[in-house]
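>>> here is a sequence with its predicted model. Questions after.
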Amino acid sequence: MRVVLCNSASPLTPIPKPPTFPATLNWPHKTLVGALTGALSFSLLISSPSSIALDSASVPPSPSSHSSATDYCRQDDDTEAMSETAPELVTNEAIVEEAWNIVNDSFLDSSRRRWSSDIWKQKKEDILGTSIQTRSKAHDIIRRMLASLGDPYTRFLSPAEFSKMARYDMTGIGINIREVQDDNGGVKLKVLGLILDGPAHAAGVRQGDEILSVNGMDVTGKSAFEASSLLQGPNETFVTLEVKHGNCGPVQSIEVQRQLVARTPVFYRLEKIENGAASVGYMRLKEFNALARKDLVIAMKRLQDMGAKYFILDLRDNLGGLVQAGIEIAKLFLNEGETVTYTVGRDPQYEKTITAETAPLITAPLIVLVNNKTASASEIVSAALHDNCRAVLVGQRTFGKGLIQSVFELHDGSGVVVTIGKYVTPNHMDINKNGIEPDFREFPAWSEVTQHLAQCNTLRQG
């Protein structure tokens, strides 16, 4: 899954008055182009991004010696489609059948209803046995068809709803970015969605532009998530993009004024324990947005410099956010090669093992605070740190939301959100509807924490 990240100047916010910790805790045709999440995180896949183009204006190649027939620069097929192809006419029956096929190919039943392909095929025969007179009627049929699956996350999107979702702006300058494979097998970053009259559009960025650098930093090889993070920053500050218009056009440096406030989700403080003999670095993470990893790294380093010997990561009431941000944060604590999570689905393309690629940023004993509103991306982090014996969980059983939803565009500009997979913990536990049981209900002594982690590692090593 891909998402979007930033070089924000927004300061981390230390909590001014550190309350002491209580002795007990009493808290109660598919192309992957984006990963966005709401309160309960889900990953988005969008097929056929052609209709997402909000501004089809393109910059022609600059006249030069490269314009000869032998040196002709071929525009990317997907950019041409976005700029020039009109929406094709499609029948009402075809729209319904298209939605049916997506479910038939990709839907993962997360309920205990035991979805049956035979029943689903019979539903198709029943629905398409009669003529569907209007597009509105076709959309109503799709809504009822999806509702019959019994999955609260699988649903229909009207053309207006799909367009709004496709324009989701995680950069603060009115663009959405996707990763595109080039002819050499590498990855380049292109503008997928562009808000008309938004900051980037007004400054000269166009649909299909390739982003080469942000504030002088080369983004070659970076993910869309990382590049979007570099674009984010406080309201009314400026960011400089170097873009290549189209596949052949000129390279241009463009200064864009941000118009959204990027707020840090990280709060931290240093606490003294055991008569001041040791210090605890407390970090609260409110949500997994595009600033989460960068700001958490800064907090961890500052707390280490201040003398923290133990750490607490507070994920209580954190309902999720960007799943990719959660995955990247979990990697900060894990050894190279350790598993963050598994994804499973009916389609092999959704089967994946996600592992850490580098050494951990800190190795000190860690407590993760959780409760019944710790969900989705928060649960991925909690499970990864718990199952790899990096942290103990303290508090309440977590919410239990570990599904992956994908957004597919239909040929009339509408769309369907379909559950296509789920996250499984490193110990192969299904998070969804189960949640994660904490190791301690009440706040333990740090000696208990270190002992628990040592025993966990001993058992893990056999």
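Good, I have the coordinates. Keep in mind it's a predicted model, so treat the numbers as computed, not measured. Numbering: from 1, shown residues only.

>>> just the buried residues of stretch 429-440, please?
429, 431-432, 435-436, 438-439 (16 or more other CB atoms under 10 Å). Glycine gets a C-beta too; all of them are placed from N, C-alpha and C.

>>> ok, and what's touching it?
For stretch 429-440, the surrounding residues in contact (CB atoms under 8 Å, 6 or more residues apart in numbering) are 110, 370, 372, 379-380, 382-383, 386, 392-403, 422-425, 448, 452.

>>> of all pairs in the buried residues of stretch 429-440, which one spans the longest distance?
Largest separation among these by CB to CB: 432 and 439, giving 20.9 Å.

>>> and the closest residue in space to residue 402 that isn't next to it in sequence, how far is that from residue 313?
Closest residue to residue 402 apart from its sequence neighbours, by CB to CB, 6 or more residues apart in numbering: residue 431 at 3.1 Å. Separation of residue 431 from residue 313 (CB to CB, to the nearest Å) stands at 18 Å.

>>> pretty sure residue 245 contacts residue 211?
No: if you go by CB atoms under 8 Å, residue 245 and residue 211 don't touch, sitting 11.2 Å apart.

>>> neighbour count winner among the two?
residue 211 (24 against 20; other CB atoms under 10 Å).

>>> do you know how far the more buried one is from residue 205?
Residue 211 is 9 Å from residue 205, by CB to CB.

>>> how about residue 263?
Here the criterion is CB to CB. By it, residue 263 lies 24 Å from residue 205.

>>> please identify which of the two sits among more neighbours.
residue 205 (23 against 17).

>>> doesn't residue 191 make contact with the more buried one?
Yes: with contacts counted by CB under 8 Å, residue 205 reaches residue 191, the gap being 6.3 Å.

>>> and the helices in the stretch 151-300 of the chain?
For the stretch 151-300 of the chain, the helices defined by DSSP state H, counting those that start in this stretch cover 159-166, 199-203, 224-231, 292-305.

>>> for the stretch 51-200 of the chain, give me the ranges with low pLDDT.
Confidence mapping of the stretch 51-200 of the chain against pLDDT under 70 gives the ranges 51-88, 112-114, 166-170, 193, 196.

>>> mind doing that once more with 50?
51-72, 75-87 (pLDDT under 50).

>>> likewise for the stretch 201-350 of the chain?
261.

>>> so the longest strand along the chain versus helix 159-166, what angle?
Across the chain, the longest stretch assigned as strand under DSSP state E is strand 415-424. Taking axes from the mean of the first three to the mean of the last three CA atoms, to 10 degrees, strand 415-424 and helix 159-166 form an angle of 40 degrees between their directions.

>>> roughly how far is strand 415-424 from the heart of the chain?
13 Å (CA atoms, centre = their mean, to the nearest Å).

>>> what's that strand packed up against?
Judged by 3 or more CB pairs under 8 Å, 6 or more residues apart in numbering; DSSP states H and E, the packing partners of strand 415-424 are helix 92-106, helix 135-147, strand 155-157, helix 159-166, strand 339-344, strand 403-409.

>>> paired strands for the third one, with orientation please.
In other words, strand 155-157. strand 415-424 (antiparallel) (DSSP bridges).

>>> so what touches the helix or strand that comes right after the strand it pairs with?
Once the chain leaves strand 415-424, the next helix or strand it forms, by DSSP states H and E, is helix 446-460. Helix 446-460 is contacted by residues 273-274, 278, 310, 365, 367, 389-392, 439-440, 444 when judged by CB under 8 Å, 6+ apart.
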